[in-house]
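A.B. asks: Structure of the sequence below:
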Amino acid sequence: MREAVWKKLYTGVFGVVGVAFLVLTLWLLFWLFGPLTHKQAPTSLEQVQASSAAAKPEPRQSSPPEAASESQPSQQEREPVSSDDTPETPSESAAETKTADDTDGKPEQSGPSEALLETRILYFEAYASEVKLDADLRDYLDKVKAYLDDSPDWHLAVIGHSDSSGPREFNIDVARERARTVARQLQKYDFSEDDLHVDSKGPDEPLVSNETEEGRAKNRLVELSLMPPENYAG
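C.D. replies: Below is the predicted model of the structure:
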């Protein structure tokens, strides 16, 4: 009787242990192989963001601007620019501004007229050192003075000449005295010493031949002429 009870008890215990072992074995199998068959859900915010970024499609790249410019003509090539619509360049504007600033709004000074550039000749009698200034010569001198006032770099040359009678040094002195006499007369017409350039050529540059009395008379003279700045030696 007692042996039968123990036998039933052992059978029940081993049955319970067997069931428990089977359950434990199934649970272990599910725990080991379950993640391979089922996709694991993201467990954090970083994993969710990474999954979204990976799923987003990449932006489509546009063609480079060089290719577009080669395939289609530019607006400038399709429509020629009219010469009337050409914008004024900065260099032209700067040049016009500089010209206006340099002249201070005054008209540019032009050169002397042909009448003022003509050489005027004053004749002297033999051994004389004075000359008369007629009305035509005074009108010429008024115009020359006005031009010199506007162009101080120019001068009125007063050059004395003589004939070949007598020693050369004597004739140079006579010609110089004639030029100085004319210069003193010009100062009475408001010419200053700075306006005048006085010199003597003596008999060295005769106007005509000195072989006749008439020729020698024509060589006793004083020349008046405008002298440009490049010829003025002081």
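A.B. asks: where along this structure do the strands fall?
C.D. replies: 120-123, 155-161, 196-202, 221-227 (DSSP state E).
A.B. asks: OK, contacts around the nearest residue to L137 once chain neighbours are set aside?
C.D. replies: Nearest residue to L137, sequence neighbours excluded (C-beta to C-beta, 6 or more residues apart in numbering): R120, at 6.4 Å. Any C-beta I mention is one placed from the backbone N, CA and C, and that applies to glycine too. Residues near R120 by C-beta atoms under 8 Å, 6 or more residues apart in numbering: 137, 140, 223-225.
A.B. asks: Now E193. Nearest residue, chain neighbours left out?
C.D. replies: Spatially, and ignoring its direct neighbours in sequence, E193 is nearest to Q187 (7.5 Å; C-beta to C-beta, 6+ apart).
A.B. asks: which ones are touching the nearest residue to F191 once chain neighbours are set aside?
C.D. replies: Distances taken as C-beta to C-beta, 6+ apart place K145 nearest to F191, at 6.2 Å, with adjacent residues excluded. Contact analysis of K145 by C-beta under 8 Å, 6+ apart lists 189-191, 195.
A.B. asks: Poorly predicted segments of the protein, please.
C.D. replies: Per-residue confidence for the chain (pLDDT under 70) gives these ranges: 1-2, 5-6, 10, 34-109, 125-130, 234.
A.B. asks: Now with 50, please.
C.D. replies: Regions of the chain meeting the criterion pLDDT under 50 cover residues 37-39, 41-43, 48, 62, 64-71, 77, 81-83, 90-103, 106.
A.B. asks: which residue ranges form the helices in it?
C.D. replies: 2-37, 45-55, 65-71, 75-78, 90-103, 114-117, 135-150, 168-187, 213-218 (DSSP state H).
A.B. asks: Can you report how many residues neighbour I172?
C.D. replies: Under the neighbour criterion other C-beta atoms under 10 Å, I172 is assigned a count of 18.
A.B. asks: Kindly report the same for D153.
C.D. replies: Using other C-beta under 10 Å, D153 is surrounded by 10 other residues.
A.B. asks: now swap in Q185 and tell me
C.D. replies: Neighbour tally, Q185, other C-beta under 10 Å: 17.
A.B. asks: and if you look at W27?
C.D. replies: Neighbours of W27 (other C-beta under 10 Å): 10.
A.B. asks: same check, this time on V16
C.D. replies: Neighbours of V16 (other C-beta under 10 Å): 9.
A.B. asks: how near is it to L29?
C.D. replies: Using C-beta to C-beta, to the nearest Å, V16 is found at 21 Å from L29.
A.B. asks: again, but for E177
C.D. replies: In terms of C-beta to C-beta, E177 sits 146 Å off from L29.
A.B. asks: now do E193
C.D. replies: Distance from E193 to L29, by C-beta to C-beta: 132 Å.
A.B. asks: same deal with N210?
C.D. replies: Counting by C-beta to C-beta, the gap from N210 to L29 is 149 Å.
A.B. asks: Looking at those two, which one has more neighbours?
C.D. replies: N210 (17 against 10).
A.B. asks: Please put the alpha-carbon coordinates of stretch 210-224 into PDB.
C.D. replies: The C-alpha trace of stretch 210-224 is given here as PDB (Å, rounded to 0.1, in the frame of the first residue of the first chain):
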ATOM      1  CA  ASN A 210      73.800 145.400 -98.400                       C
ATOM      2  CA  GLU A 211      75.600 146.200-101.700                       C
ATOM      3  CA  THR A 212      73.300 149.200-102.500                       C
ATOM      4  CA  GLU A 213      72.200 152.100-100.500                       C
ATOM      5  CA  GLU A 214      68.600 151.100-100.900                       C
ATOM      6  CA  GLY A 215      69.400 147.600 -99.600                       C
ATOM      7  CA  ARG A 216      71.300 148.900 -96.600                       C
ATOM      8  CA  ALA A 217      68.300 151.200 -95.800                       C
ATOM      9  CA  LYS A 218      66.000 148.200 -95.800                       C
ATOM     10  CA  ASN A 219      68.300 146.400 -93.400                       C
ATOM     11  CA  ARG A 220      68.100 149.100 -90.700                       C
ATOM     12  CA  LEU A 221      65.000 147.800 -89.000                       C
ATOM     13  CA  VAL A 222      63.400 146.300 -85.900                       C
ATOM     14  CA  GLU A 223      61.200 143.100 -86.200                       C
ATOM     15  CA  LEU A 224      58.200 142.500 -84.000                       C
END
